[in-house]
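[1] Here's a sequence, model it:
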Amino acid sequence: MSDQSVIPIDQLLPNKLPLVALLGRPIFPGIFTPIMIGNPTDVKVVEDANSGDALIGFVMLQHETDTPAITDLYTVGTVAKIVKKINLPDGGVNIFISTLKRFKIKKTLHPSNPIVAAVEYLEEEEDNTSEVKALTRALISEMKQISENNPLFSEEMRLNMINIDHPGKIADFIASILNIDKAEQQKILEVLNVRKRMEQVLVFIKKEQELLRIQKKIQREINEKIEKSQRDYFLKEELKAIKTELGMTTDAKSSDHQRFKEKFESFKFEGEVKEAVEQELEKLNLMEPNTAEFIVTRNYLDVIAALPWNDPEPEIFELKNAQGILETDHYGLKDVKTRIVEYLAVRKLRKDTKGSIVCLVGPPGVGKTSVGKSIARALGKQFFRFSVGGMRDEAEIKGHRRTYIGAMPGKIIQGLKIVKTKAPVFMIDEIDKMGASFQGDPASALLEVLDPEQNNAFRDHYLDLPFDVSHVFFIVTANTLDTIPPPLLDRMEIIQLPGYIDTEKLEIAKRYLLPKSLEKNGLKKNQVKYTKDSLLHIANSYAREAGVRNFEKNLDKIHRKLAKQIVEAEEKNDPQAESAPKPARFNVDKRFVEKQLGKPLFRENDIKTADKPGMSVGLAWTSMGGDTLVIEATSLPGKEGLTLTGKMGDTMKESAEIAMTVARKLAVEQFGVDKEWFEKNHIHLHIPEGATPKDGPSAGITMATALLSLMRDKIITPRLVMTGELSLTGQVLPIGGLKEKTIAARRNKAKHIVFPKQNERDLDEIPDHVKKGIEFHSVERFEEVLELAMQ
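    Numbering: from 1, shown residues only. Predicted coordinates:
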């Protein structure tokens, strides 16, 4: 060893070197390190070198490959001497090397397997200026700071760094132990100028320090959180111990468990419900309070605890008192009140708290919802209302399954949770406007709710336990029965609420609408006085629909204008002054109404009449109540045929074709109309208000009358209206909604109503004040209609 220290190292190093490709990082000179060799070709290179001068060149690969060639290597590497070789069981070797010097590949002697090259050894460009000395100190100082804060740096590394006396070797040593990208390390290896190399290494040291600073910050934050968590845990445990000593509830979970247990014991559950509740309670007790499943289970138990599981108390109500409430709250509706009082009488006689299912059907604004509230008040029960209009999701009725995020019970269970009684009055509004979608059919879901044979064990998807809703008094509202599925309709008792005539609207306005509207708009009763004619004028000229909703809106409109006048007058004259004027009083007559509401929407000449040949007036029944329908027919020279317009439905079109056949047969056989007239004329049948859809068979006799009026060129009897389905043989068949149609006829100032004989039983349902002044003519054959219409 003493001889080699005298001889220059270049003379000992061969110009021809076997090369081993490095996949990981380059190796710097002046380092003693172990290397694992697994590639069979490289193992042979090591074996051959170890049996000779023990010198090998190590060069890093530019990119990963299974069979490296010299073209895959960087051009600068490090020559090393094998100090020790250990054979491994898998055929590889583990060698300890001492790296000596940089070299550069000059010429390829063998491109691969093994790689042999002629090399040139590179000398460092020394620079012994004070700047290099300063850089050396800076490197050692900065690296010492890193090594003290990094447990990965061993004491041996720190000693080696201090004992190295050459600036270039210090830079190489630091570059080899820093966590730098291998491409950057290769660049440092290729730098021969010592000062530049040291500057580059110093930059990487600064980056490492910044990373260490961030790492320490993160570690500190984590430690603070862990310490706080541990501190909270110990404090909670101490608090739990203190509460246990004092006999208090230990924690929120125990409090919830105890609360639920006491509540469920008071319900005295049995069977499936008891078993399910006990399982959920046990599950709650085993869970950690900060888990999502704990919250889900607690919410579920909250719902069960909030429901009224105990049987309701017997109903206590006076029938006379209930009847008085209905009379106080509503004017008219005699049949409706009678049916409801009969229901209540049966309930009281049987001492039965089982619920009923009533369907109130009528046009908008006739008081369906308020009737439901009055029933609840008469029975002294809690009232809960929800609307199913536009509902398309079955889960709205039966709830969501608990597996879904944000799951909640359906409207039925939610309502019972709110009213906290097992026997409330539930109003389900707009049942005729439910839809269906891919999410299910709510109407089908209601079948179980509204079936007296099934709803004693109603199973909500969220609750998933049988719950008895048979004590609930269900009141369902609809504008029409046409869109309600027959199985659902079959489960309900239907009560029809017809529209109001003008005299009824007058009484409703006096008793209910005027006081309500005056109070809503800040006016006093003695400030506004309406004449009878003014209220009738509003009913006939501005609010001619079946209900009273528009009537109320028009009253509100008048009162808002009056409120504005009063406030403006008060602001103009100081109300604090002694000579302040008295509050204004308004007398409302027909002229005043028109001044506030503008020109009437409906006039006397708006009454539908048949004043020309080819015209007739029929009666229709819609979801908005009864209405009058004008049929117009005319003929034009041209090809024989019938044109239908007025947005008729399929059923009405078929009725028109039947009416044409019957009218043509009678015209030719009984009234002597020439057959050639039909061959030379094209008939056009139209129903005005073409944007409004129309359908149904009840306009059959009306269309046939209009057609015969055209064919005979005769005007029908004035103020006569009719309704009835027409068969091909001339029979007049029964229709529905006679009561609503009669109210519409009265609003149209009709004097005669022609209707099917089979509907005579419906006349008894029509109040006398509605029938007053109208002559009813029941018919079985269309010929009877013609005798009345064309005298």
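[2] mind listing the helices for the stretch 1-150 of the chain?
    Ranges of helices in the stretch 1-150 of the chain, per DSSP state H, counting those that start in this stretch, are 2-6, 9-12, 40-50, 130-149.
[3] Tell me the buried residues in the longest strand belonging to the chain?
    As far as residue count goes, and with DSSP state E defining each element, the longest strand of the chain is strand 93-110. If you call a residue buried by 16 or more other CB atoms under 10 Å, then strand 93-110 has these buried ones: 93, 95, 97, 99-105, 109. For glycine as for every other residue, the C-beta is placed from the backbone atoms N, C-alpha and C.
[4] same question, stretch 204-218
    By 16+ other CB under 10 Å, the buried positions in stretch 204-218 come out as 204-205, 208.
[5] try stretch 499-515
    When neighbours are counted by 16+ other CB under 10 Å, the buried residues of stretch 499-515 are found to be 499-506, 508-509, 512-514.
[6] Contacts made by it with the rest, please.
    Where contact means CB atoms under 8 Å, 6 or more residues apart in numbering, the residues beyond stretch 499-515 that reach it are 331-332, 362-363, 366, 525, 528, 530, 532, 535-536, 538-540, 543, 545-548, 551-552, 555, 625-626, 740, 743-744, 746-747, 769-770.
[7] Quick one: mean pLDDT over that stretch.
    The average pLDDT within stretch 499-515 is 84.
[8] now the end-to-end length of it.
    With CA to CA, to the nearest Å as the measure, the ends of stretch 499-515 fall 22 Å from one another.
[9] do the same with stretch 474-488
    Stretch 474-488 has its terminal residues 13 Å apart, counting by CA to CA.
[10] still on that earlier bit, taking the helices of the stretch 1-150 of the chain together, which one is wrapped up most tightly?
    Sort the helices of the stretch 1-150 of the chain by mean neighbour count, taking mean count of other CB atoms under 10 Å, and helix 40-50 sits at the top with a mean of 17.
[11] Mean pLDDT and distance to P89 added to the helices of the stretch 1-150 of the chain, as JSON lines?
    Converted to JSON lines, these look like this (pLDDT from 0 to 100; distance: least, CB to CB, whole Å):
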{"stretch": "helix 2-6", "mean pLDDT": "42", "distance to P89": "35"}
{"stretch": "helix 9-12", "mean pLDDT": "60", "distance to P89": "34"}
{"stretch": "helix 40-50", "mean pLDDT": "86", "distance to P89": "13"}
{"stretch": "helix 130-149", "mean pLDDT": "74", "distance to P89": "36"}
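[12] in what helix or strand does A376 lie?
    When elements are assigned from DSSP states H and E, A376 belongs to helix 368-379.
[13] Please identify which of the helices of the stretch 1-150 of the chain is closest to E282.
    If you check each of the helices of the stretch 1-150 of the chain against E282 by CB to CB, helix 130-149 wins as the nearest, at 51.7 Å.
[14] Now do that closest one: distance to the chain's middle.
    Going by CA atoms, centre = their mean, to the nearest Å, the spacing between the C-alpha centre of helix 130-149 and its chain's C-alpha centre is 65 Å.
[15] Switch the buried residues of stretch 499-515 over to CSV, and while doing so, append distance to P613 and secondary structure to every line.
    Conversion of the buried residues of stretch 499-515 to CSV gives the following (distance: CB to CB, whole Å; DSSP: H, G, I helix; E, B strand; the rest coil):
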residue, distance to P613, secondary structure
G499, 32, coil
Y500, 35, coil
I501, 31, coil
D502, 32, helix
T503, 35, helix
E504, 36, helix
K505, 36, helix
L506, 38, helix
I508, 41, helix
A509, 41, helix
Y512, 46, helix
L513, 43, helix
L514, 46, helix
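[16] Now render the residues you listed as TSV, adding distance to D393.
    Conversion of these to TSV gives the following (distance: CB to CB, whole Å):
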residue	distance to D393
G499	33
Y500	36
I501	41
D502	43
T503	45
E504	39
K505	39
L506	44
I508	37
A509	40
Y512	37
L513	37
L514	42
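[17] Pick the one among those closest to M434.
    Taking CB to CB as the measure, G499 is the one of these closest to M434, at 23.8 Å.
[18] can you tell me how far that closest one sits from V371?
    14 Å (CB to CB, to the nearest Å).
[19] still on that earlier bit, buried subset of the contacts of stretch 499-515?
    Here, 16+ other CB under 10 Å leaves 331-332, 362-363, 366, 528, 530, 535-536, 538-540, 543, 545-548, 551-552, 555, 625-626, 740, 743-744, 746-747, 770 buried among the contacts of stretch 499-515.
[20] Out of these, which sit inside helices?
    For the buried ones among the contacts of stretch 499-515, membership in helices holds for 535-536, 538-540, 551-552, 555, 740, 743-744, 746-747, 770, with DSSP state H as the criterion.
[21] Serialize those residues to a markdown table and add fields for distance to T661 and pLDDT.
    As requested, those are arranged in a markdown table below (distance: CB to CB, whole Å; pLDDT from 0 to 100):
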| residue | distance to T661 | pLDDT |
| --- | --- | --- |
| L535 | 48 | 89 |
| L536 | 44 | 87 |
| I538 | 46 | 88 |
| A539 | 42 | 85 |
| N540 | 39 | 81 |
| F551 | 44 | 89 |
| E552 | 47 | 90 |
| L555 | 50 | 91 |
| E740 | 29 | 80 |
| I743 | 32 | 83 |
| A744 | 28 | 83 |
| R746 | 33 | 85 |
| R747 | 33 | 79 |
| V770 | 35 | 83 |
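[22] Can you tell me which of these is closest to L135?
    Distance to L135, by CB to CB, is smallest for E552 among these, at 94.2 Å.
[23] For the helix holding A376, report the contacting residues that lie outside it.
    Here helix 368-379 makes contact (CB under 8 Å, 6+ apart) with 315, 317, 321-323, 325-326, 329-330, 333, 336, 340, 344, 360, 362, 382-383, 385, 424-425, 427, 429, 473, 475, 477, 497.
[24] Mind listing what's buried along stretch 422-436?
    Neighbour-count burial for stretch 422-436 flags 422-434 (criterion: 16+ other CB under 10 Å).
[25] From I170, how far off is L202?
    11 Å.
[26] list residues touching both of those two?
    Taking CB under 8 Å, 6+ apart as the contact definition, L202 and I170 share the neighbouring residues L139.
[27] Now do the longest helix seen in the chain, average pLDDT.
    For the chain, the longest helix by residue count, based on DSSP H, is helix 194-246. When pLDDT is averaged over helix 194-246, the result is 82.
[28] Find the nearest non-adjacent residue to K524, please.
    Residue nearest to K524 in three dimensions, not counting chain neighbours: L518, with 7.0 Å by CB to CB, 6 or more residues apart in numbering.
[29] The longest strand of the chain - contacts with which helices or strands?
    Taking 3 or more CB pairs under 8 Å, 6 or more residues apart in numbering; DSSP states H and E as contact, the helices and strands that strand 93-110 lies on are helix 9-12, strand 16-22, strand 32-37, helix 40-50, strand 55-60, strand 76-87, strand 115-121.
[30] CSV please, covering those and showing distance to L235.
    What follows is the helices and strands packed on strand 93-110, written out as CSV (distance: least, CB to CB, whole Å):
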stretch, distance to L235
helix 9-12, 68
strand 16-22, 56
strand 32-37, 52
helix 40-50, 62
strand 55-60, 57
strand 76-87, 57
strand 115-121, 67
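[31] between the ones you listed, which gets nearest to S254?
    The stretch from the helices and strands packed on strand 93-110 with the least distance to S254 (CB to CB) is strand 32-37; that distance is 59.1 Å.
[32] Give me the contacts around the closest one.
    Contacting residues not belonging to strand 32-37 are listed as 20, 27, 43, 46, 58, 83, 88, 92-99 [CB under 8 Å, 6+ apart].
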